[in-house]
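Participant: compute the structure for the input listed below.
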Amino acid sequence: MRCVIARFPFDLTKSGVLESMKGVKPEPVTGESVIIGRRHYPAKQVGQVVTRQDRRDFTAAEVFRAMSRLGFTCRGLPEAAPAPTESPLQRASAMLGTSPPV
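Facilitator: Prediction:
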């Protein structure tokens, strides 16, 4: 399948990506990731290995899109849990170590 990453066209296949990533140790995932085999790889690491380009030359979104089209499972950024909302009285009481009056 023809994919454009960093303004360069690449003819990528699922088997070609699997072969390229064979033996590559995954780095810790902090953002978008691609699941190849049983391993979770950062999208930028996959892009670097597959295209042999510097990670600064492309975005994770480009790799994410290309790997999705090839049939790999891709995971986006985890959603942050909403911060609990507490009133100023509850916050002050918590700081003092007492419970607010009901």
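
Participant: from residue 73, how far off is residue 10?
Facilitator: Residue 10 sits 20 Å away from residue 73, going by Cβ to Cβ, to the nearest Å. (Glycine included, C-beta is placed from N, CA and C.)

Participant: who's more crowded, the two?
Facilitator: residue 10 (17 against 11; other Cβ atoms under 10 Å).

Participant: so which helix or strand takes in residue 69?
Facilitator: helix 60-70 (DSSP states H and E).

Participant: so what does that helix touch, helix or strand wise?
Facilitator: strand 2-5, helix 14-21, strand 33-36, helix 43-51, strand 73-75 (3 or more Cβ pairs under 8 Å, 6 or more residues apart in numbering; DSSP states H and E).

Participant: pLDDT of the second one, averaged?
Facilitator: Yep, that's helix 14-21 we're talking about. Helix 14-21 shows a mean pLDDT of 93.

Participant: tabulate the helices and strands packed on helix 60-70 (a markdown table), appending distance to residue 89.
Facilitator: Shown next, in a markdown table, are the helices and strands packed on helix 60-70 (distance: least, Cβ to Cβ, whole Å):
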| stretch | distance to residue 89 |
| --- | --- |
| strand 2-5 | 53 |
| helix 14-21 | 54 |
| strand 33-36 | 42 |
| helix 43-51 | 45 |
| strand 73-75 | 40 |
